[in-house]
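Student: Okay, sequence plus prediction incoming.
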Amino acid sequence: MADPARARKLAKRIATIVASAIGGEIKDPRLDFVTITDAKVTADLHDATVYYTVRGVDLETEPDYEGAAAGLAKATGSLRSKVGAGTGVRFTPTLTFVADTVPDAARHMEELLAKARAADDEVARARENATHAGEADPYKEPRSVDDEDDDRVGEDD
C-alpha cells in the first residue's frame, strides 16, 4: 500500500495530465467543453477515478453529457498512455471517468436558498402591517395591595 500523500500527489498529477491532453492533444470535438475537476487514486495506485464536468456552448444550451462520456471512453487508452509517460510510475493506473455531481448539487442548494429567501421575504411583508391578536400587553398586571384590604395573617404592624 502506498502512502496517502503519494496517492494524493499522483491524483493531482493525473488530473493535470488528463486536462492538458484533453485541452490540446486530443482532437475530439465532443471533449471541447469538458473540464477535469478532480481525480482520486486508490491506495494501491492501480485505479484512478477522474471527475469531469461538461458545459454547453452557451448558457442556454444544455451540455452534451452523453457525447462527452463517449468521447472520454474512446480516448481512455491514449489518455492512459499519456498518464503513464507523464507520471513515471511502475504501473500506470486504469482510468475511470465519472461526471462530477458537485456543480449540480451546488445549483440545487442555490435554488433551495432562493426559495428560503423568498419565504423569509413573504413573512417580513406579512409582519409589516400585522397587529397583535389580543391586547397589546397580554400579560397580567400584578395585583395592587391596598392598605385597607391587607388580610395577611401573622404579620405585625
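Tutor: Sure, I can see it.
Student: Please report the distance of residue 92 from residue 42.
Tutor: 13 Å (CB to CB, to the nearest Å). Bear in mind the C-beta positions are built from the backbone N, C-alpha and C, glycine included.
Student: Who has more neighbours out of those two?
Tutor: residue 92 (19 against 15; other CB atoms under 10 Å).
Student: any low-confidence regions in this protein?
Tutor: 1, 136, 145-157 (pLDDT under 70).
Student: what's the longest helix in it?
Tutor: Across the chain, the longest stretch assigned as helix under DSSP state H is helix 102-128.
Student: so how far is that helix off the chain centroid?
Tutor: Averaged C-alpha coordinates place helix 102-128 at 17 Å from its chain's average position (CA atoms, centre = their mean, to the nearest Å).
Student: Likewise for stretch 117-133?
Tutor: Computed by CA atoms, centre = their mean, the separation of stretch 117-133 from the middle of its chain amounts to 31 Å.
Student: Take it, keep the C-alpha atoms, and write them as CSV.
Tutor: Extracted C-alpha coordinates of stretch 117-133, given in CSV (Å, rounded to 0.1, in the frame of the first residue of the first chain):
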residue,chain,number,x,y,z
ARG,A,117,-35.1,33.8,1.0
ALA,A,118,-38.5,34.2,-0.9
ALA,A,119,-40.3,32.7,2.1
ASP,A,120,-38.5,35.0,4.5
ASP,A,121,-39.5,38.0,2.4
GLU,A,122,-43.1,36.9,2.5
VAL,A,123,-43.0,36.6,6.2
ALA,A,124,-41.4,40.1,6.5
ARG,A,125,-44.1,41.6,4.3
ALA,A,126,-46.9,40.0,6.3
ARG,A,127,-45.3,41.2,9.5
GLU,A,128,-45.2,44.9,8.4
ASN,A,129,-48.9,45.6,8.9
ALA,A,130,-49.6,43.0,11.5
THR,A,131,-51.2,43.7,14.8
HIS,A,132,-51.5,41.6,17.9
ALA,A,133,-54.3,39.1,18.1
